[in-house]
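> Pasted the sequence and its predicted model underneath.
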Amino acid sequence: MVMSVFYYYSALSNVLAQTLLPTEDQFDSNDELHVGVKAIVDRSASDFEHMAKVLGSLDPSLLKGSSLQQLLDEAITRWRPHVRFTFQVFEARRQQQ
């Protein structure tokens, strides 16, 4: 199911883009790169949440029968716990310090 692919890749995009975010105190809203990375993090987190709702509303048998079940399972088990919005990334970093 194509939605599983979108779900998976929105999670990967989010997690990878988080690594490109500068620290909160170095974030410059006038820097196009900073703003672009923030946009990727926030939009991919939003897309991921939306797809989770869509996938959750589907008949589970449709998902289990999909040839892409492996991607869906990996997105749920491996990546879902790490998908965050920018404010959550900054908060997590503050808590680690």
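Happy to help now that I have it.
> pull the longest helix from the chain.
helix 32-56 (DSSP state H).
> in the helix or strand following it, what's buried?
Where DSSP states H and E defines the elements, the next helix or strand beyond helix 32-56 is helix 60-64. Within helix 60-64, the residues scored as buried using 16 or more other Cβ atoms under 10 Å are residue 63. Backbone N, C-alpha and C define where each C-beta goes, glycine included.
> can you give me the mean pLDDT across the next helix or strand after helix 60-64?
Of the helices and strands lying after helix 60-64 in sequence (DSSP H and E), the nearest is helix 69-74. For helix 69-74, mean pLDDT is 90.
> who touches helix 69-74?
1, 4-5, 7-8, 55, 63, 66 (Cβ atoms under 8 Å, 6 or more residues apart in numbering).
> which intervals of this structure have sub-threshold pLDDT?
Regions of the chain meeting the criterion pLDDT under 70 cover residues 1.
> The longest helix of the chain: which residues count as buried?
Of all the residues in helix 32-56, those buried under the rule 16+ other Cβ under 10 Å are 34, 37-38, 40-42, 44-45, 47-48, 51-52, 55.
> Summarise which helices and strands that helix is packed against.
Applying 3 or more Cβ pairs under 8 Å, 6 or more residues apart in numbering; DSSP states H and E, one finds that helix 32-56 contacts helix 2-18, helix 86-96.
> Just give me how far it sits from the chain centre.
Averaging C-alpha positions (Cα atoms, centre = their mean, to the nearest Å) puts helix 32-56 6 Å from its chain's average.
> Stretch 30-50 too?
On Cα atoms, centre = their mean, the centre of stretch 30-50 falls 10 Å from that of its chain.
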